[in-house]
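Asks: Predicted coordinates and the sequence they were generated for:
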Amino acid sequence: MSSENVKVLIGVIGGSGLYHLDNLTFVKHVNPETPWGYPSSPITIAALPSGTLVAFVARHGQGHTIAPSAVPARANIAALKSLGVRAILAFSAVGSLREDIPPGTFALPSQIIDRTKGVRPASFFEGTSVVAHAAFGDPFSLKLVKWLEGPIRRALADEGRGVQLVTDKCIVCMEGPQFSTRAESLMYRQWGGDLINMSVLPEAKLAREAEISYALVATATDYDSWRPHEGAVTAAEVFKTLQANADTSRHVAATILEELHAAALEGDILTEEAGSMQFSIMPRSEKQRPEDREKLRFVLPGYFSD
Ligand SMILES: CSC[C@H]1O[C@H](OP(=O)(O)O)[C@H](O)[C@@H]1O
Ligand SMILES: Nc1ncnc2[nH]cnc12
């Protein structure tokens, strides 16, 4: 279980239905302990055909034992960062709030509406003597999302199942675990929401605090509960599309990760996030507790060295 000497640039987070990337070559499992505990599941280190390594974590655990509100998102992001991860491709099963985003569609959202209820630890700085305000106006990495569009479209075309990709959508992140009421679902549409899940927050916020470029591949499974003459969403409805979406997600990952790794090495898709916390951390270091600085060094070594 040692994470020693593992250096990985790209991390993948799998959501509901996506518990492994078994179309890549398994190398080993690592389970880094972080100041925020252990990740949802041991992290799989997998090799691409060139030998390039990627890291994969199952958000809800390998056997889907962790509810969305209980996902140890800080440990997941911190563990990936400790392996060297600078860009995360996260997958999520989502509800659709729009007629023109039918189940089976893939989406790259660009905005988030936060409907979590404050029960999830949402910052690495929480409970410490260090105050930081990360910029989150553009919650996904603009450069990474823009870069992903072409390779994902090509991967979907190459798969040949006719899966469509839509971009520039707004995702609502709700608390759960129960699904929304019909009234809430209608309200989210009026607010401008296009998609809904229970997982993108605080994951995206924590990736930003850790200066990791983060993008979400949202895979639609259902129409939530806003359609007046249709039944409200149930888990059984979600399961109908989950497996096919997960198969396509694995295909997309296997097809684009080599190119993504090369683009990340080249550097440009990482430049927005790298160094972005520099002006977010309130600069009163003489009042910051040494033990808090040590904890934060795990995710932001550049700012909290002695
Ligand atoms: C199984 S339906 C609700 C569940 O599915 C999504 O999980 P994930 O984002 O990890 O794919 C959604 O966010 C909920 O957690
Ligand atoms: N309708 C829905 N609401 C919240 N999360 C979801 N994940 C998949 N479908 C969902």
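Replies: Sure, I can see it. Numbers count the residues shown, from 1 in each chain. Ligands and ions are numbered 1, 2, ... in the order given.
Asks: C-alpha from now on. contacts and neighbour counts both.
Replies: Will do.
Asks: all helices for the stretch 1-150 of the chain, in order.
Replies: Under the criterion DSSP state H, counting those that start in this stretch, the stretch 1-150 of the chain contains helices at 73-82, 142-159.
Asks: With mean pLDDT and mean neighbour count added, can I get those helices in JSON lines?
Replies: Putting those into JSON lines (pLDDT from 0 to 100; neighbours: other CA atoms under 10 Å) gives the following:
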{"stretch": "helix 73-82", "mean pLDDT": "98", "mean neighbour count": "27"}
{"stretch": "helix 142-159", "mean pLDDT": "98", "mean neighbour count": "17"}
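Asks: Of those helices, give the one that comes closest to ligand 2.
Replies: The closest of those to ligand 2 is helix 73-82. By CA to the nearest ligand atom, the value is 16.8 Å.
Asks: neighbouring contacts of that closest one?
Replies: Residues outside helix 73-82 that contact it (CA atoms under 8 Å, 6 or more residues apart in numbering) are 11, 31-40, 55, 57, 59, 121-124, 202-203, 206-207, 210, 212, 298-299.
Asks: Now, those that are in strands?
Replies: Those of the contacts of helix 73-82 mapping onto strands are 11, 55, 57, per DSSP state E.
Asks: which of the residues you listed come close to ligand 2?
Replies: Applying CA under 6 Å from any ligand atom to the ones in strands among the contacts of helix 73-82, one finds that nothing falls near ligand 2.
Asks: In TSV: those, plus pLDDT.
Replies: Converted to TSV, these look like this (pLDDT from 0 to 100):
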residue	pLDDT
G11	98
A55	98
V57	98
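Asks: Which of these sits closest to H20?
Replies: Using CA to CA, V57 is the member of those that lies nearest H20, at 8.0 Å.
Asks: got the contact list for the closest one?
Replies: Applying CA under 8 Å, 6+ apart, the residues near V57 are 11-14, 19, 39-44, 76.
Asks: what does this structure put close to ligand 1?
Replies: Listed as neighbours of ligand 1 in the chain under the rule CA under 6 Å from any ligand atom: 15-16, 59, 68, 92-94, 197-199, 235, 238.
Asks: Can you narrow those down to the ones near ligand 2?
Replies: Among the residues of the chain next to ligand 1, proximity to ligand 2 is found for 93-94, 197-198 (CA under 6 Å from any ligand atom).
Asks: Fine, thanks again, bye for now.
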